[in-house]
Each structure stands twice: as structure tokens, then as C-alpha cells.
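J.: Give me the fold of what follows.
(2 chains)
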Amino acid sequence: DSGVTQTPKHLITATGQRVTLRCSPRSGDLSVYWYQQSLDQGLQFLIQYYNGEERAKGNILERFSAQQFPDLHSELNLSSLELGDSALYFCASSHRDRSTDTQYFGPGTRLTVL
Amino acid sequence: ILNVEQSPQSLHVQEGDSTNFTCSFPSSNFYALHWYRWETAKSPEALFVMTLNGDEKKKGRISATLNTKEGYSYLYIKGSQPEDSATYLCAFITGGGADGLTFGKGTHLIIQP
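T.: Down below sits the predicted model:
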């Protein structure tokens, strides 16, 4: 158990809908990262937040947004969902925002868009 | 676009044998390389973070080396055990680290009893 929690574990929804994925980092960690794992792709970095502020942006679609709250938990909002958004979404946390910091991964949320 | 290549894609090894696999990454603007172990139905687990050319890290029977000049890292497993069966991922980050980790697709290791 990494200490990172994600809810829900599974989510099934329809195209065009909007969902919110939630992540709580390890106690004391200030950075939260979001990754997407699709069927034929490796883990793709989406976005990073550090202490409430956006720090780095990867291959995140405009339909997707994220935020980190004062208690350091983070939410990833996915809207106007398409079939291709079906994937495993991981959240990871690290103590600071340094690239050399170990990132600890949560159990993931499996999103299925029908 | 950064490209991280891992080879082989999959590997079958007899229990007790030693094995190794490769992660290749762009050598320019290197900042750090991360190795993860990902077991089925679990989340990726951090193994090593490597930053310096010539770095060698060890954790039990698993070790890794880093060559930043030529852009590769090797992961070694000595005396493979069934519990070593997993996908091993490497992830690269450039100088400044402003873009997050770029992951390879992994080497899927199966240890046969």
C-alpha cells in the first residue's frame, strides 16, 4: 500500500458525460501527478500540481481539467467523454516537486465509456 | 517528442536464472531516470531514481546501472524468483523536469518455475 488513495475504483459512464476522479496523496506529500494508461499506450503524463498550483502539463486534452485543494487532495475532471477516454487513470504523489523525488502511485481508477 | 524505448517487450526466464533488460532514452538534456515495477492488478511501485552517469543502485536481488552519455540504463535481476514476475517500467525526465515523467512501454517479465 503506497498511501495514495483514489476513488472510485471503477467508473462506467456514457459518451458525452462528465466525471470526477479523486486522489488523496500520501501524508506530507505536496505534489500530485495524474497519468493515463490506455490499452495500447504506455503511462502518459497528464498534469502535475504542487501545493495547490499547476506545475507541469503533459498530454492533457482541453476537455480535461484538474485542481488541487488546500487539503492537498486533487480532482481530475473529464468532460464530453468519448469512447477513447476509456483508460486506467493513476494519481501519484511525491514529497516535493523535484524530478528526482520518488513518485508513489495510487491503485488507479478504471474508467469505461460506453 | 521524447522517446523512451524498452527491450525486450517480454521475457520468459527460468526460476533461478539471472536476467537483464534495457531502457534507452535521449541522452541530451538528461535529468533523471526512474525504474518502476508493476505487478498485475496493482499500482506501479518505485524501484530506483538515478541521476548521475555511472550510477549503480541495488535493492535486494535487483540492481540498475545508468549511462547518460549514451542514453541507456540496464536493470538486472539475480536469481529470478516467481515473485519477480511483473512489468518493469523506466521513465525519463529532462532537465528542469517541467514535463513530468515520460514512460517506456515496459518489459513484461515472466519467471517460469
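J.: Point to the residue nearest the middle of chain A.
T.: residue A:34 (3.1 Å; CA atoms, centre = their mean).
J.: how far does the host helix or strand of it sit from the chain's center?
T.: If you go by DSSP states H and E, residue A:34 is part of strand A:31-37. Its chain's C-alpha centre and that of strand A:31-37 lie 4 Å apart, by CA atoms, centre = their mean, to the nearest Å.
J.: Any part of the helix or strand following it near chain B?
T.: Using DSSP H and E, the next helix or strand after strand A:31-37 towards the C-terminus is strand A:43-50. Yes. Using CB under 8 Å from any CB of the partner chain, strand A:43-50 reaches chain B at A:43, A:44, A:45, A:46, A:47, A:48. In short, each C-beta sits where N, CA and C put it, glycine included.
J.: and the angle for strand A:43-50 with strand A:31-37?
T.: 160 degrees (axes from the mean of the first three to the mean of the last three CA atoms, to 10 degrees).
J.: any idea of the mean pLDDT in the following helix or strand past strand A:43-50?
T.: The first helix or strand that comes after strand A:43-50 along the chain, using DSSP H and E, is strand A:53-57. In this model, strand A:53-57 has a mean pLDDT of 92.
J.: Who wins on neighbours among the residues of strand A:43-50 next to chain B?
T.: Counting neighbours by other CB atoms under 10 Å in any protein chain shown, the top entry in the residues of strand A:43-50 next to chain B is residue A:48, with 27 neighbours.
J.: Does residue B:107 touch residue B:87 like I think?
T.: Yes. Using CB atoms under 8 Å, residue B:107 is in contact with residue B:87, at 6.9 Å.
J.: Sheet partners, orientation included, of the strand holding residue A:34?
T.: Here strand A:31-37 is paired, per DSSP bridges, with strand A:43-50 (antiparallel), strand A:87-94 (antiparallel).
J.: I'd like to know which of those lies nearest to residue A:111.
T.: Across these, residue A:111 has its closest neighbour in strand A:87-94 (6.1 Å, CB to CB).
J.: and the closest one, average pLDDT?
T.: Across strand A:87-94, the per-residue pLDDT values average to 96.
J.: centre of the chain versus the following helix or strand past it, how much separation?
T.: Using DSSP H and E, the next helix or strand after strand A:87-94 towards the C-terminus is strand A:104-105. Centroid separation between strand A:104-105 and its chain, computed with CA atoms, centre = their mean, is 11 Å.
J.: Which SSE is immediately downstream of strand A:104-105?
T.: Per DSSP H and E, the first helix or strand lying C-terminal to strand A:104-105 is strand A:109-113.
J.: near chain B, anything from that next one?
T.: No. Using CB under 8 Å from any CB, strand A:109-113 never reaches chain B; the gap is at least 10.8 Å.
J.: Number of residues surrounding residue A:72?
T.: By the criterion of other CB under 10 Å, residue A:72 has 21 neighbours.
J.: Which element, helix or strand, includes it?
T.: Using DSSP H and E, residue A:72 is not contained in any helix or strand.
J.: now it, nearest residue through space, not along the chain?
T.: With CB to CB, 6 or more residues apart in numbering or on different chains as the criterion, residue A:72 has its nearest non-adjacent residue at 5.6 Å, and that residue is residue A:25.
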